[in-house]
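Enquirer: sequence isn't available, so here's the structure alone:
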């Protein structure tokens, strides 16, 4: 099969640090056809080169017979209309997380794609974070024993500077851009990938900086005991924008036999943001100084050792997309629409929980 011709909607960080580098890393499978830049500022050509085709409207994309795949990396409130237009035009679609602002919209898009035999994928790249791949392997190996507590965080420290002015749509209320959508969609997806759909949800959304936007959330997912355990599994997820510590916690996972402790975020995004490519030496490799540690208790003593981090590989999500399109089999997607819908359901239940101040049962 010839390489799939891709049109990317949007010229923000995702173009530079995610989609353009990953597409160009797989030249036998994808080729960049065009970039949608609604307000021409030269950003598309700055990132993708002067020869790239630049368009300014969604109609130019969906009406172009040469476009096979539409990648949507525009503001969250545009995901649904843009994805619907692309699917109706017979294009395969990859959409940034959160898939849509609402569960109802996500379900409509999934049904539309299925009815047309098209591939509809959500860009949950952090399933291929180096530390998440490491954690998956560690849990599967059983070294920690049955897991009873899982803590996953995406914290930052960004106090408001004097005279602060909102920096674009991500800091403006009304765009479904609260932390539970933008960061929660990553770590909720990871939790569901590891443990499935929870039984109950409790959550608090927090406007930490007082700008009218909930830039933090603290969520607890409740599960029955893991296999081989009598202790219910508790999953704590959170994101803070005012986490005033020099080193941010990423994971703290506790099992019957030991624990895993990890600080810091995956290295792939800063690597690509710095202008390097997937082909450059060091991509996806975490330095030893950033490795997490495993602690186990035996014979009355604690033993702690560093655990080498697996190599991260964001191109995997595009490889999965290509395989599904080539085989004409959407079930081959690594990130399936049904999974993205469940992430949105947990987000909506989390919003309800925060509003009502109570634990919400999950209807499966």
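Expert: Nice, thanks for sending it over. Quantities reported herein were computed from a predicted structural model and do not represent experimental measurements. Numbers count the residues shown, from 1 in each chain.
Enquirer: biggest helix in this structure by residues?
Expert: For the chain, the helix that runs over the most residues, judged by DSSP state H, is helix 337-356.
Enquirer: what's the helix or strand following it in contact with?
Expert: Next along the chain after helix 337-356, taking DSSP states H and E as the criterion, comes strand 360-361. Contacts with strand 360-361, where a contact means Cβ atoms under 8 Å, 6 or more residues apart in numbering, come from 199-202, 349, 352-353. In this view, the C-beta of every residue, glycine as well, is placed from N, C-alpha and C.
Enquirer: can you list the strands that strand 360-361 pairs with?
Expert: strand 200-206 (antiparallel) (DSSP bridges).
Enquirer: I'd like the next helix or strand past the strand it pairs with.
Expert: Sequence-wise, the next helix or strand beyond strand 200-206 is strand 216-225, with elements assigned using DSSP H and E.
Enquirer: which two in the contacts of strand 360-361 are spaced the farthest apart?
Expert: When the contacts of strand 360-361 are compared pair by pair using Cβ to Cβ, the farthest-apart members prove to be 199 and 352, with a separation of 15.5 Å.
Enquirer: in the stretch 251-364 of the chain, which spans are strands?
Expert: Across the stretch 251-364 of the chain, reading from the start of the chain, the strands by DSSP state E, counting those that start in this stretch fall at 258-263, 292-298, 301-307, 360-361.
Enquirer: out of the ones you listed, which is the most enclosed?
Expert: strand 258-263 (a mean of 20; mean count of other Cβ atoms under 10 Å).
Enquirer: which residue packs closest to residue 176, ignoring adjacent ones?
Expert: Take residue 176 and drop its neighbours on the chain: the residue closest to it by Cβ to Cβ, 6 or more residues apart in numbering is residue 101, 4.0 Å away.
Enquirer: OK, contacts around the one you found?
Expert: Neighbouring residues of residue 101 by Cβ under 8 Å, 6+ apart: 76-77, 79-80, 176, 181.
Enquirer: do that again at 10 Å, thanks
Expert: Residues in contact with residue 101, defined by Cβ atoms under 10 Å, 6 or more residues apart in numbering, are 76-80, 175-177, 181, 344, 347-348.
Enquirer: hang on, residue 294 packs against residue 139?
Expert: No - using Cβ atoms under 10 Å, residue 294 makes no contact with residue 139, being 11.5 Å away.
Enquirer: residue ranges of each domain in the protein, please.
Expert: Residue ranges for each domain of the chain read 4-125+316-324, 130-265+279-313+346-356, as given by automatic domain parsing.
Enquirer: turn the ones you listed into JSON lines, including distance to residue 340.
Expert: Putting those into JSON lines (distance: least, Cβ to Cβ, whole Å) gives the following:
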{"stretch": "domain 4-125+316-324", "distance to residue 340": "4"}
{"stretch": "domain 130-265+279-313+346-356", "distance to residue 340": "8"}
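Enquirer: closest to residue 272 out of these?
Expert: For the domains of the chain, the distance to residue 272 is smallest for domain 4-125+316-324, at 4.5 Å, taking Cβ to Cβ.
Enquirer: roughly how far out does the closest one sit from the chain middle?
Expert: Taking Cα atoms, centre = their mean, to the nearest Å, one finds the center of domain 4-125+316-324 at 15 Å from the center of the full chain.
Enquirer: one more: stretch 302-318?
Expert: Using Cα atoms, centre = their mean, the offset of stretch 302-318 from its chain centre is 17 Å.
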